[in-house]
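*Asks:* Mind folding the following:
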Amino acid sequence: MLLKAKRCLTHNLLNLPGSRIDGRIVVIESDDWGAIRMRSREAYDRLLAHGYPVDRNGYERNDALASEEDLELLFDLLASHRDGEGRPAAITANCIMTNPDFGKIREEDFSTYHYEPFTSTLARYERHGGCFARWQQGMRAGIFRPQYHGREHIAVGPWMRALQRGDAEVREAFDLEMAGTASRRNGRNGYVVAYEGDPGEEARLAEAAADGLRMFEQLFGYRSRTFIAPCYTWPTSLEKTLRAEGVEALQGMIHQCLPGGGHRRHWFGSRNALGQTYLLRNCFFEPTTDACADPVDACMERIACAFRWHKPAVISSHRVNYVGFIHPTNRDRSLRLLGELLDRIRRRWPDVRFRTSDELTSLLADQKNPT
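*Replies:* Next comes the predicted model:
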């Protein structure tokens with residue numbers, strides 16, 4: 001009882017400061033689309049047999065490029081749930097634009113980093129050749145809205161230096177076309193924080209971010225109005241580059257993690273000196289990685305708290321929950337629970353509206369600048 005009361009107090013305090021918004025809005029923000037993680041079930045089994053603890057972490061166990069089947073099942077479920085205006089449930093799909101080009105990196109003896117568009121990576125995977133066409137179908141149906149997550153989801157500098165010094169674990173993962181994996185030393189993949197660069201790398205990181213945003217516009221035909229940093233970690237100096245490329249809002253948590261340590265606190269709707277708005281995730285639906293006994297109940301509790309304080313319910317729900325390419329049971333369980341969550345939202349709040357992160361940015365701007 002005491003723990004529940006403390007949790008309720010924390011949820012309320014999270015939603016108390018910041019901007020209010022009219023109506024009941026639900027936004028589902030889903031990170032990592034386009035990024036590689038586990039290459040295949042065969043790669044998983046090999047790493048496990050060689051002593052890597054890939055079975056102990058939800059990401060290392062399940063996360064991979066979503067297959068055509070994964071997308072079809074997710075999109076069918078989203079399309080079957082509609083809000084009070086008849087709009088389908090939608091996912092803001094935060095995209096990584098490139099993955100390492102393992103062949104070129106090896107050809108140059110690990111001396112230079114090379115990348116390929118994620119569409120090229122999809123074309124090389126076993127059950128992914130038609131995935132980008134399905135992305136486009138989801139976009140046209142209003143259920144899949146790409147926004148920008150980064151050019152890559154790896155710390156390029158540290159990863160390349162590990163390859164160059166012959167780190168055995170990194171090389172073994174590289175041979176499987178993976179940018180690191182759960183280490184036998186500490187159980188962590190230490191190469192996923194893209195903007196955790198070394199001192200002096202700020203200019204390179206900024207150029208990579210700008211390059212990725214230009215790739216995004218060329219591929220999707222529009223600029224990404226929002227951005228979410230991999231692992232919620234970015235230097236504040238990066239925001240100027242993002243603004244110059246059209247980013248108006250920054251998705252994130254209550255704390256922005258700073259490279260090298262430390263953090264900054266943001267509230268929903270607050271703005272930086274460049275006029276960019278901070279969007280705050282105040283709800284979580286992560287069945288794959290959350291140890292919560294009932295993720296639907298826990299998410300509903302947070303949604304109710306958000307609405308109580310006239311905040312949108314911004315739900316964090318990473319791609320890993322919806323991928324069954326490695327372990328189909330992971331996807332199937334999450335989709336069942338997501339269907340239950342959407343059903344309960346609609347029954348409890350019939351006037352709810354499903355929106356995407358860029359649409360939420362517009363709603364905030366309209367409230368700040370009424371006509």
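*Asks:* from the middle of its chain, how far away would stretch 314-326 be?
*Replies:* Here the centre of stretch 314-326 is set off from its chain's centre by 9 Å, with C-alpha atoms, centre = their mean, to the nearest Å.
*Asks:* What mean pLDDT does that stretch get?
*Replies:* Averaging pLDDT along stretch 314-326 gives 98.
*Asks:* Also stretch 110-117?
*Replies:* Averaged over stretch 110-117, pLDDT sits at 98.
*Asks:* What of stretch 355-371?
*Replies:* 85.
*Asks:* my guess is T233 contacts E196, does it?
*Replies:* Yes. T233 is in contact with E196 according to C-beta atoms under 8 Å; the separation is 5.8 Å. For the C-beta atoms, the positions are set from N, CA and C on the backbone; glycine is no exception.
*Asks:* Compare those two (neighbour count), which wins?
*Replies:* Ranked by neighbour count (other C-beta atoms under 10 Å), T233 and E196 place E196 first, with 22 against 19.
*Asks:* who are the neighbours in contact with the closest residue to G34 other than its chain neighbours?
*Replies:* Using C-beta to C-beta, 6 or more residues apart in numbering and skipping the chain neighbours, the partner closest in space to G34 is F118 (3.6 Å). Shown in contact with F118 (C-beta atoms under 8 Å, 6 or more residues apart in numbering): G34, A35, L65, C95, I96, M97, T98, N99.
*Asks:* For those residues, give me TSV that also has distance to F220 and neighbour count.
*Replies:* What follows is the contacts of F118, written out as TSV (distance: C-beta to C-beta, whole Å; neighbours: other C-beta atoms under 10 Å):
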residue	distance to F220	neighbour count
G34	11	28
A35	16	27
L65	18	26
C95	8	25
I96	13	24
M97	10	28
T98	14	25
N99	17	25
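*Asks:* The residue nearest to H263 when sequence neighbours are not counted - how many residues pack around it?
*Replies:* Leaving aside its chain neighbours, H263 sits nearest to H255 (4.3 Å; criterion: C-beta to C-beta, 6+ apart). H255 has 12 neighbouring residues, counting by other C-beta under 10 Å.
*Asks:* where along this structure do the helices fall?
*Replies:* Along the chain, counting by DSSP state H, helices occupy 2-15, 41-49, 58-62, 68-79, 102-107, 118-124, 131-140, 156-164, 168-175, 202-220, 238-244, 295-308, 328-348, 357-368.
*Asks:* and the third one, average pLDDT?
*Replies:* Helix 58-62 shows a mean pLDDT of 97 in the predicted model.
*Asks:* Now it: buried residues?
*Replies:* Neighbour-count burial for helix 58-62, with 16 or more other C-beta atoms under 10 Å as criterion, is recorded at G58, Y59, E60, R61, N62.
*Asks:* Tell me the one among those nearest to G246.
*Replies:* Nearest to G246 among the buried residues of helix 58-62: Y59, at 29.8 Å, using C-beta to C-beta.
*Asks:* Double-check that closest one against A35; I have them as touching.
*Replies:* No. If you go by C-beta under 8 Å, Y59 and A35 don't touch, sitting 10.7 Å apart.
*Asks:* where does the stretch 251-371 of the chain dip in pLDDT?
*Replies:* The model of the stretch 251-371 of the chain has pLDDT under 70 over residues 368-371.
*Asks:* Could you rerun that using 80?
*Replies:* 367-371 (pLDDT under 80).
*Asks:* Test of understanding: give the bridge partners of the residue nearest to H263.
*Replies:* Taking DSSP bridges as the rule, H255 bridges to R265.
*Asks:* I'd like the distance between it and L280.
*Replies:* From H255 over to L280 the distance is 10 Å, taken as C-beta to C-beta, to the nearest Å.
*Asks:* Give the intersection of the neighbour lists for the two.
*Replies:* H266.
*Asks:* Now do T236 against R265, distance only.
*Replies:* T236 is 13 Å from R265, by C-beta to C-beta.
*Asks:* which residues do the two both contact?
*Replies:* Q256.
*Asks:* about what we covered before: which one of the buried residues of helix 58-62 is nearest to F174?
*Replies:* Nearest to F174, judged by C-beta to C-beta, of the buried residues of helix 58-62 is E60 at 15.7 Å.
*Asks:* Make sure that closest one is actually in contact with G180.
*Replies:* No. The criterion here is C-beta under 8 Å, and E60 misses it with G180 at 9.8 Å.
*Asks:* Need the residues touching each of those two.
*Replies:* Residues touching both E60 and G180 (C-beta under 8 Å, 6+ apart): N189.
*Asks:* contact partners of stretch 347-361?
*Replies:* Stretch 347-361 has contacts (C-beta under 8 Å, 6+ apart) with 23-29, 82-85, 87-92, 145, 147, 224-226, 248-249, 251, 277, 279, 300, 304, 307, 312, 314, 345-346, 363.
*Asks:* Please list only the buried members of the residues you listed.
*Replies:* Applying 16+ other C-beta under 10 Å to the contacts of stretch 347-361 flags 24-29, 83, 88-92, 145, 147, 224-226, 248-249, 251, 277, 279, 300, 307, 312, 314, 345-346, 363 as buried.
*Asks:* Could you tell me which of those belong to strands?
*Replies:* The strands, defined by DSSP state E, take in 25-29, 91-92, 145, 147, 226, 249, 251, 277, 279, 314 from the buried ones among the contacts of stretch 347-361.
*Asks:* from the residues you listed, which two are the most distant?
*Replies:* Checking these with C-beta to C-beta, the most distant pair is I91 and T277, at 20.5 Å.
*Asks:* Could you report the separation of L73 from A179?
*Replies:* For L73 relative to A179 (C-beta to C-beta), the value is 27 Å.
*Asks:* out of the two, which sits in the more crowded spot?
*Replies:* Ranked by neighbour count (other C-beta under 10 Å), L73 and A179 place A179 first, with 23 against 18.
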